[in-house]
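whatever this is, show me its structure:
(chains A and B)
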Amino acid sequence: MPELVIILVKILVAFGALILIAAYMTWMERRVFALVQVRYGPNRVGLAGLLQPIADGIKLMFKETIIPDRADKFLFYFAPAITLIPALAAFAVVPFGDTVTIFGKKVDLLIADVNVGILYIFALSGMGVYGVVLGAWASNSKYPLLGGLRSSAQLISYELSLGLSLLGVVMISGTLSLKGIVAGQANLPYIFLQPVGFLLFLVCMIAETNRAPFDLPEAESELTGGFHTEYSSMNFATYFLAEYCNMVTFSAVAATFFLGGWRGPILPPVVWFLLKILAFMFFFMWLRATTPRLRYDQLMAFGWKVLLPLSILNVIATAVIIVMFDL
Amino acid sequence: MMGGAIFFYLVAGVTLGGALGVVVSPSPLYSILSLIAAFLGLAGLYLSLSAEFIAAVQVIVYAGAIMVLFLFVVMLLDLGRDERKPLRLPVQKLFGTIAALAVFATILKVIESDSILTGARGIYPAERVSELGNTQVVGRLLFTEYLLPFQAMGVLLFVGIIGAVVLARRRTG
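Predicted coordinates for the structure are as follows:
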C-alpha cells in the first residue's frame, strides 16, 4: 500500500506543478513579449502581475460556451481534452530528480520508468494531433478546417525529423529509457556529442508545438484563430493549457536528452531541472517575439528537404563514428 | 494477478468495442475514431504481454501516422448524405462471410492446439523478454532470423514510396 500512496503523491505533485508552470508561462510570455516590444505587459493583478493567470482562469470559467450551429457537439466538447491528455501524460516518463530517500524509503523522482520511454512520448505526441484536427472538423466552419488540415500536415512532416533527431542520443546511450539517458550524461551532456541532433530537435520541437515561426495552424492574419476560431470559454482554455503543457513537456525532454536532465552542480536537482525548462521556455518566447511567420510551402519544403535529410545524415554519421571508434 | 486480469478485460473490451464501432457507425469520421480506439486497445493488449516496444510502435505507426491520413482524406472529402447510404454488395458479403469463418476456424484450431493445452512455452515467453529487454529482442530477431523478410518489407515499402511519387507527379504534369 505505501508504494501506491507514493505513486499517487508523485502523480499529483508532478501534474500539479506541470499545470501551474504552464499557467504561469502565459504570464511570462506576455511579460517577455512586452519587454521585447518596450511595453509593460500585465503588471496590475498582484505583485508584478503574478496573479494574472489566476484572474484569466476565473474569467474564462465564467464565460459562456458558444457552440456553432451544425457543429458536431460531442467532438466539439471532446477534442480539447484529446489534446490536453497526451500533453499531460507524456510528462510521466520524464525524470525530474535523482533517487531520494524519504522516511527511509528510496523514491525515484519520476512517475514511471518505462523502458521504451522516448517511444511513449512520441506515441502520445502523435495522439495530440487528433485534438487539433477533430476540433477543427467539429466546428463545421472554414477557417478551423483549413487550420486543422495545415496542422495535421505539419505535425506529420516534422514528427519524422523529431524522432530521427533523438536517435543519435539513443544510439550513444544504448537505451530508450529517459532515466538511463540521464544516467549516461554523468560526465558530459549529450549536447556536446550531438550538437547537430540538438539543433534539429530544437527546430522540430518548435514546429511540433505549433509555435512561431511555425504557428501556421493558427496564423491569425489569414485564418483568424486557426483550428480554435470557434472555441470559447473553458474549451478554449483547455486548448491553450494543452499548448503550454506541450511546450513545458518538450522543454523537459530537450533538457533530459541534451542538457543532462536534472544534473548540475551546487543547486538541488529539481531546481536545475526547472531552470533548464525555463531556459527553453524563454527561447520559445524570444523566438515568437522576434521572428516572422514562415509561408506554408516554405514550411513544408523546409521540413522535407532540409530537416529530414539532415537528421538522416546525423544518424548515419553517429552510427559510423560509434562503430569506427568502438564507443 | 487480479490487476492484470482487469487490465486485460478493459483493453480487450476497448478493442472489440472499437472494432464493432468501425462497422456500425453511421458516419465515416466516427468509424475512423472507433478504429483508433481499437488500435489503442490492441496496444494495451501488447502491453499486457510485456511487449512495450511493439505497443509503442503500434500507437505511433497505426493509431498515429496512418489514421491521421485516413482522417485527412475523410475531412477533405466531406461525404454528402447520398454517399453515406449503405452499399449493397451481395458477392462481397458472401466472400466476406467465408473469409471471416475461415479466420474464426483458424483461431479455434490454434486454441485447441497442443501448446495451449499442455502449457508448453515458446522461445520468448514474457518473462524472458522483459529480462532481455523487449526492444533488444525485437532488434536482434529482425536482423538475424527474420533478416530476409525484413529486407523484403523494406523493398516493398520503397516500391510503394516510388509509386506514390510517380502518381503525384503525373497530375501536375
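
mean pLDDT per helix and strand in chain B: which one sits at the bottom?
helix B:114-118 (a mean of 64; mean pLDDT, DSSP states H and E).

break chain B into its domains for me.
Listed by automatic domain parsing, the domain ranges of chain B are B:1-81, B:90-120, B:124-173.

count of residues packed around the closest residue to chain A within chain B?
Here the residue of chain B nearest chain A is residue B:64; by C-beta to the nearest C-beta that distance is 3.0 Å. The C-beta positions use only the backbone N, C-alpha and C, and glycine is treated the same way. Per other C-beta atoms under 10 Å in any protein chain shown, the neighbour tally for residue B:64 reads 25.

surely it touches residue A:123?
Yes. With contact defined as C-beta atoms under 8 Å, residue B:64 counts as touching residue A:123 (6.6 Å).

returning to that earlier point: next, work out how far apart the residue of chain B closest to chain A and residue B:103 are.
Distance of residue B:64 to residue B:103, given as C-beta to C-beta, to the nearest Å: 26 Å.

close to chain A: what parts of chain B are there?
B:29, B:33, B:36, B:43, B:52-53, B:55-57, B:59-60, B:63-65, B:68-69, B:71-72, B:75-76, B:133-135 (C-beta under 8 Å from any C-beta of the partner chain).

mind checking which of those residues are in helices?
B:29, B:33, B:36, B:43, B:52-53, B:55-57, B:68-69, B:71-72, B:75-76, B:134-135 (DSSP state H).

give the contact list for residue A:296.
A:150, A:216 (C-beta atoms under 8 Å, 6 or more residues apart in numbering or on different chains).

so for it, what's the pLDDT?
Per-residue pLDDT puts residue A:296 at 81.

likewise for the one 3 residues further on?
Reported pLDDT at residue A:299 in the predicted model: 85.

quick one, phi/psi of the residue lying closest to residue A:106 once chain neighbours are set aside?
Closest residue to residue A:106 apart from its sequence neighbours, by C-beta to C-beta, 6 or more residues apart in numbering or on different chains: residue A:99 at 5.6 Å. Main-chain dihedrals, residue A:99, degrees, to the nearest 10: phi -70, psi 130.

swap in residue A:101?
phi -110, psi 120.

so it versus chain B, what's the distance?
Distance, residue A:101 to chain B, using C-beta to the nearest C-beta, to the nearest Å: 27 Å.

neighbours of the closest residue to that residue other than its chain neighbours, how many?
In space, not counting the residues next to it along the chain, residue A:101 is nearest to residue A:107; the distance is 7.3 Å by C-beta to C-beta, 6+ apart. For residue A:107, the neighbour count with other C-beta under 10 Å is 16.

partners of residue A:107 in the sheet?
residue A:100 (DSSP bridges).

that one and residue A:6, how far apart?
From residue A:107 to residue A:6 the distance is 6 Å (C-beta to C-beta).

and for residue A:160?
Residue A:160 is 38 Å from residue A:6, by C-beta to C-beta.

for whichever residue of the stretch 51-200 of chain A sits closest to chain B, report the pLDDT, please.
Nearest residue of the stretch 51-200 of chain A to chain B (C-beta to the nearest C-beta) works out as residue A:126 at 3.0 Å. If you check residue A:126, the pLDDT there is 82.

returning to what we had before: which of the domains of chain B sits closest to residue A:241?
Judged by C-beta to C-beta, the one of these that comes nearest to residue A:241 is domain B:1-81, at 22.1 Å.

so where do the helices sit in chain A?
A:2-36, A:52-61, A:73-89, A:117-138, A:142-173, A:178-183, A:195-208, A:220-223, A:233-258, A:269-290, A:296-301, A:308-324.

hmm, I was thinking of chain B
B:2-24, B:28-48, B:52-57, B:67-77, B:90-112, B:114-118, B:126-132, B:134-143, B:147-172.

least reliable of these going by mean pLDDT?
Lowest mean pLDDT within the helices of chain B: helix B:114-118, a mean of 64.

which bits of chain A sit near chain B?
So chain A meets chain B at A:72, A:75, A:114-116, A:119-120, A:122-123, A:126-127, A:129-130, A:133-134, A:137, A:145, A:148-149, A:152-153, A:155-156, A:159, A:176 (C-beta under 8 Å from any C-beta).

at 7 Å what do you get?
A:114-116, A:119-120, A:122-123, A:126-127, A:129, A:133, A:137, A:145, A:149, A:152, A:156, A:176 (C-beta under 7 Å from any C-beta of the partner chain).

what's the weakest-modelled helix or strand in chain A?
One helix or strand of chain A scores below all others by mean pLDDT, DSSP H and E: helix A:220-223, with a mean of 68.

buried residues in stretch A:115-126?
A:115-126 (16 or more other C-beta atoms under 10 Å in any protein chain shown).

tell me which of those residues is nearest to residue A:228?
residue A:125 (18.6 Å).

tell me the spacing between the residue lying closest to residue A:254 once chain neighbours are set aside and residue A:242.
Leaving out its chain neighbours, the residue that sits closest to residue A:254 by C-beta to C-beta, 6+ apart is residue A:280, at 5.6 Å. Distance, residue A:280 to residue A:242, by C-beta to C-beta: 18 Å.

thinking again about what came up before, need the contact list for the residue of chain B closest to chain A.
A:123, A:126-127 (C-beta atoms under 7 Å, 6 or more residues apart in numbering or on different chains).

and the pLDDT for it?
Model confidence at residue B:64 (pLDDT) stands at 83.

ok, now how distant is it from residue A:155?
Counting by C-beta to C-beta, the gap from residue B:64 to residue A:155 is 10 Å.

that older thread, wait, the residue nearest to residue A:254 touches residue A:253, no?
No. Counting by C-beta atoms under 7 Å, residue A:280 sits too far from residue A:253 to count as a contact (9.5 Å).

okay, these two: which has more neighbours?
The neighbour count for residue A:280 versus residue A:253, taken as other C-beta under 10 Å, is higher for residue A:253 (27 against 20).

the more buried one reaches residue A:94, doesn't it?
Yes. Using C-beta under 7 Å, residue A:253 is in contact with residue A:94, at 6.5 Å.

rank the helices of chain A by pLDDT, which is bottom?
Minimum mean pLDDT among the helices of chain A: helix A:220-223, a mean of 68.

burial count for residue A:132?
Under the neighbour criterion other C-beta under 10 Å, residue A:132 is assigned a count of 30.

quick check: it touching residue A:228?
No. In this structure, residue A:132 is not within contact of residue A:228 by C-beta under 7 Å, at 8.5 Å.

tell me which residue is most central in chain B.
Central residue of chain B (C-alpha atoms, centre = their mean): residue B:39, 6.2 Å from the mean position.

how about the contacts made by residue B:15?
B:38, B:41-42, B:45.

excluding chain neighbours, what is closest to it?
The nearest residue in space to residue B:15 (C-beta to C-beta, 6+ apart) is residue B:41, at 3.2 Å.

ok, that neighbour - contacts?
Per C-beta under 7 Å, 6+ apart, neighbours of residue B:41: B:11, B:14-15, B:18.

apply 10 Å and report the result again.
Counting by C-beta atoms under 10 Å, 6 or more residues apart in numbering or on different chains, residue B:41 touches B:10-19, B:63.

next: residue A:291.
So residue A:291 contacts A:206, A:212-214 (C-beta under 10 Å, 6+ apart).

with residue A:44 as the reference, measure out to it.
Following C-beta to C-beta, the distance that separates residue A:291 from residue A:44 is 29 Å.

ok, now residue A:110?
Applying C-beta to C-beta to residue A:110 and residue A:44 gives a distance of 38 Å.

brilliant, that's me finished.
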